[in-house]
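J.: Output the structure for:
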Amino acid sequence: MSKVVFKEYNRNQATFLPPSLEELINSTHMVRFVDHVIDQMDLEPILASYPGGGASSYHPRMMLKILIYGYVERIDTCRDIAKAVRERIPFMWLAGGQRPDFRTINNFRKQRLPKGGIKGVFTQVVGMLVELGLVDLSEYTVDGTTLEANARRHSAVWRKNSERYKQSALERIGDYFDQIQTLADLEEAQWASQLAPEEAEEPAWTAEQISQAARKAEQAIARREVEIAEREGDTRQDSNEPAHRDGPTPKDLKMARTRLQWITQTEIEKVAKYEAQLRTMGERNSYSSTDPDATFMRMKDQSPFDKLLAAGYNLQMGAQNQYVLGYSMHSNAADKVNLEEHLESLSFSPQWLCADAGYGSLYNYELLEEAEITGVIKHPQSYHKPGPYSRYAMEYEPEADQYRCPQGRAMPLKEIKDYQYGPEKERTAKVHVYESSDCSGCPVKSECTHGQGNRSIQFIPDLEDWKQTMSKRMSQGKGKRLSHNRGMAIESVFGLLKHNDGMRRLLMRGIPMVEVEVGLKALAHNLRKMRTDILKLLMLHLIKAMSLQQTHQTR
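T.: Residues are numbered from 1 along each chain as shown. The predicted structure follows:
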C-alpha cells in the first residue's frame with residue numbers, strides 16, 4: 001500500500017516579507033475591473049455634495065468602489081459591506097487598507113448618492129458601453145414591473161376612508177356649531193363667516209377655517225357672558241321688580257363652551273389629519289403610513305386570488321442587448337401614465353422604442369411622435385381575438401358613413417363628442433358614436449349587446465389610425481424584430497435582477513433612496529455583463545489571431 005503524503009501545514013510559518021494583497025488578486029478578477037471603471041469616472045457631482053470643514057472624510061472614490069463592488073457581489077447591506085472590508089481580500093485591496101464602518105458607508109449612500117451622484121455614475125457607465133460598441137442607444141425596449149416596498153402590509157391609508165372620515169368630522173362640527181349658535185343665541189354673521197351655504201352638498205371647510213370660526217364663536221360667547229353679568233347686576237340693584245330673563249342663561253353658555261372645547265381639542269385635529277393624508281396621497285388612491293411614497297398595488301408574482309394588495313413601487317426600466325440603459329421609480333401602478341416621466345429621466349433620446357400593450361394609449365403614441373421616436377407598441381386589443389359581433393366584425397360603408405352589422409342592419413353616425421385625455425386632460429379628441437336605428441326582432445341581440453336599447457359602437461378615429469400604424473410596424477422590418485425580441489431584451493433583465501439579485505422587496509424607503517438602491521443594482525448588473533462580454537471579445541480575438549498564425553505557418 002502506498003504511503004499517504006500531505007502538504008506541510010504550519011500556521012506559525014514565518015516569511016521574510018509579508019505577502020502583498022496585489023499578488024493575491026489575479027489580473028482578470030472582477031474587483032480590478034470595478035476599480036478600473038470607477039477610476040475613469042468624473043465624480044464632481046458627488047464631490048460637490050460635501051460641505052467642507054470638520055474632520056477629514058474617506059475619499060468618495062474609495063467609498064463608491066466598495067459600495068458598487070458590494071452590489072456586484074450581491075452584498076447590499078452596509079453592515080455586510082463593512083464586514084467584507086475587514087475580512088475579504090478583494091474588499092481590503094479595493095479600500096486600500098481603510099476600514100469605514102457601516103454607519104459611514106450608509107451615510108455616504110444616503111447623503112451623497114441621491115443628489116445626482118448615482119444617476120451620474122450610471123450615465124457614465126452607459127457612455128462606456130457605447131464607446132465599447134456593446135450598445136448604440138438607437139433601440140430602447142421599456143417595460144415596467146412592481147417591487148414590494150419596505151412597509152407593513154397593514155399600513156394602508158385609503159382615499160375613500162380619509163374622505164369619509166373627514167366628511168363625518170365636518171358634519172359633527174357643523175352640528176356642534178348649530179348647537180352653540182342656539183345655546184348662546186348667536187347670529188351666524190357674528191362668528192361663522194366660513195359656514196357653507198345650506199344648498200351645498202358637502203361643507204367646504206378646512207381645519208384653518210374651522211379654527212377661525214371657533215375663535216369668533218369664543219369671542220361671541222364671551223360677549224354674551226358680559227351681557228349676562230351686567231344684566232344680573234342691574235337686577236340686584238332693583239330687587240323690587242321681578243326677575244325677567246331674556247336670552248341665554250349661564251348654564252346655556254357653559255354647555256356652548258363645552259361644545260366649542262370639543263371642536264377645538266378633538267375635531268379640528270381630526271380634520272387636519274385627514275387633510276394631511278389627502279395631501280400626501282395626491283392623485284393616488286392609497287399610500288403606506290410606513291413609506292408614504294409607496295402605493296398599494298398588486299404585485300406581478302401575486303396570485304390573482306389574493307385580494308390583499310401590497311405597498312410597492314412601479315419600476316420603469318429600459319434595455320438594449322440586455323444592458324440597462326435607463327430606470328425610474330413611480331408610485332402609479334399603470335405603465336402607460338409613467339412613460340413620459342420615464343423618457344424625461346433618460347440621458348439620451350432613442351430612435352426606436354418598443355413596449356407592450358400596457359403602454360398603448362393615444363397620448364403615448366402622440367408623445368413619441370412629437371419626440372421624433374419611432375414607437376413599436378402593441379395596442380390593448382392586439383391580444384384579443386375579435387368576436388363575431390364586435391366592432392371589428394362589422395362592415396364600414398364610407399359613402400354613407402355608417403356600419404352594417406352581421407345581420408345586415410345599418411348603424412348610422414349618431415353623434416360626435418369630445419374626449420379629454422392627457423395628464424392634465426389638456427388634449428381633446430373626437431369620439432364617433434354609431435347606433436343601430438332598430439334592433440327589435442334581431443335573433444342574436446342577446447349575443448350582440450347586453451343593453452336594453454339598440455346596439456351602438458364608439459371609438460376615437462385618431463386612436464384607430466395609430467393602432468393600424470403599430471400593427472404595420474410590428475409586421476415588418478426592424479419593428480418586427482424589436483417586437484419579437486422584446487421579452488428577451490427586458491424581461492430577462494427583470495428575471496436576473498429579481499431572482500439573482502433579490503430585487504423583489506426593497507430595503508430602502510422613499511423614492512430618492514429607492515432610486516439609489518435600484519440604480520446600484522442596475523450598475524452591478526451592467527458591470528458584470530460588461531466584463532463577461534469583454535472577456536468573450538478578447539478570447540475571440542485571441543482565437544482569430546492564433547488561427548491566422550497557424551495558417552501563415554502552414555503556408
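J.: use CA for all of it now, contacts and neighbours both
T.: OK.
J.: For the stretch 201-350 of the chain, which segments count as strands?
T.: Taking DSSP state E, counting those that start in this stretch as the criterion, the stretch 201-350 of the chain carries its strands at 286-288, 295-297, 310-320, 323-330.
J.: Okay, now the sheet partners of the third one, with direction.
T.: I take that to be strand 310-320. Sheet partners assigned to strand 310-320 using DSSP bridges are listed as strand 139-148 (antiparallel), strand 295-297 (antiparallel), strand 323-330 (antiparallel).
J.: Quick one: the helices in the stretch 101-250 of the chain, in order.
T.: Secondary structure of the stretch 101-250 of the chain by DSSP state H, counting those that start in this stretch: the helices cover 102-111, 117-131, 159-183, 188-191, 207-237, 250-262.
J.: now, of these, which is deepest in the fold?
T.: Scoring those by mean neighbour count under mean count of other Cα atoms under 10 Å gives helix 117-131 as the most buried, with a mean of 19.
J.: From residue 113, how far out is residue 4?
T.: In this view, residue 4 and residue 113 are 57 Å apart by Cα to Cα, to the nearest Å.
J.: Looking at those two, which one has more neighbours?
T.: Legend: neighbour count by other Cα atoms under 10 Å for residue 4 and residue 113, higher for residue 113 (25 against 5).
J.: Name all residues that make contact with the more buried one.
T.: By Cα atoms under 8 Å, 6 or more residues apart in numbering, residue 113 lies in contact with 46, 516.
J.: how distant is stretch 129-137 from the center of its chain?
T.: Distance of stretch 129-137 from the chain centroid (Cα atoms, centre = their mean, to the nearest Å) equals 29 Å.
J.: follow-up on the earlier one: among the strands paired with strand 310-320, which is nearest residue 94?
T.: Among the strands paired with strand 310-320, strand 323-330 comes nearest to residue 94, with 25.2 Å by Cα to Cα.
J.: So for the closest one, mean pLDDT?
T.: Averaging pLDDT along strand 323-330 gives 95.
J.: same question, stretch 181-192
T.: Stretch 181-192 carries an average pLDDT of 69.
J.: circling back to that earlier point, any chance of the strands paired with strand 310-320 in a markdown table, plus distance to residue 522 and mean neighbour count?
T.: Listed next are these as a markdown table, based on distance: least, Cα to Cα, whole Å; neighbours: other Cα atoms under 10 Å:
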| stretch | distance to residue 522 | mean neighbour count |
| --- | --- | --- |
| strand 139-148 | 14 | 24 |
| strand 295-297 | 23 | 26 |
| strand 323-330 | 6 | 24 |
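J.: residues near the nearest residue to residue 498 once chain neighbours are set aside, how many?
T.: Spatial nearest neighbour of residue 498, chain neighbours left out: residue 504 (5.3 Å); criterion: Cα to Cα, 6 or more residues apart in numbering. When neighbours are defined as other Cα under 10 Å, residue 504 has 18 of them.
J.: what sits against residue 504?
T.: Residues in contact with residue 504 (Cα under 8 Å, 6+ apart) are 147, 148, 498.
J.: do residue 492 as well
T.: residue 322.
J.: pLDDT weak spots in the stretch 151-300 of the chain?
T.: Across the stretch 151-300 of the chain, the ranges flagged by pLDDT under 70 are 187-204, 233-247.
J.: go again using 50 as the cut-off
T.: Scanning the stretch 151-300 of the chain for pLDDT under 50 picks out 194-200, 242-244.
J.: cool, and the chain?
T.: Residues of the chain that meet the cut-off, pLDDT under 50, sit at 194-200, 242-244.
J.: Just give the nearest non-adjacent residue to the most centrally placed residue in it, would you?
T.: Nearest to the geometric centre of the chain sits residue 330, at 1.4 Å (Cα atoms, centre = their mean). Nearest non-adjacent residue to residue 330, counting by Cα to Cα, 6+ apart: residue 314, 5.0 Å away.
J.: so that neighbour touches residue 336, yeah?
T.: No: if you go by Cα atoms under 8 Å, residue 314 and residue 336 don't touch, sitting 11.3 Å apart.
J.: okay, the two: which has more neighbours?
T.: The neighbour count for residue 314 versus residue 336, taken as other Cα under 10 Å, is higher for residue 314 (23 against 19).
J.: Quick check: bridge partners of that one?
T.: With DSSP bridges as the rule, residue 314 is bridged to residue 146, residue 330.
J.: what's it in contact with, if anything?
T.: If you count contacts by Cα under 8 Å, 6+ apart, residue 314 has them with 144, 145, 146, 147, 329, 330, 331, 332, 333, 334, 335.
J.: okay if I get the helices of the stretch 101-250 of the chain as a markdown table plus distance to residue 467?
T.: Output for the helices of the stretch 101-250 of the chain, formatted as a markdown table (distance: least, Cα to Cα, whole Å):
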| stretch | distance to residue 467 |
| --- | --- |
| helix 102-111 | 45 |
| helix 117-131 | 33 |
| helix 159-183 | 35 |
| helix 188-191 | 60 |
| helix 207-237 | 49 |
| helix 250-262 | 60 |
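J.: nearest to residue 479, of the ones you listed?
T.: Among the helices of the stretch 101-250 of the chain, helix 117-131 sits nearest to residue 479 (Cα to Cα), with 22.0 Å.
J.: And the contacts of that closest one?
T.: With Cα under 8 Å, 6+ apart as the test, helix 117-131 has contacts from 41, 43, 45-46, 135-137, 325, 347, 516, 519-520, 523, 530.
J.: do the same with stretch 41-49
T.: Outside stretch 41-49, the residues that touch it by Cα under 8 Å, 6+ apart are 60, 61, 112, 113, 115, 116, 117, 120, 121, 124.
J.: Return the set of buried residues in that stretch.
T.: The neighbour-count check on stretch 41-49 (16 or more other Cα atoms under 10 Å) flags 43, 45, 46 as buried.
J.: Out of these, which is nearest to residue 418?
T.: Using Cα to Cα, the buried residues of stretch 41-49 come closest to residue 418 at residue 45, 47.7 Å.
J.: which element is the closest one on?
T.: Following DSSP states H and E, one finds residue 45 within helix 44-48.
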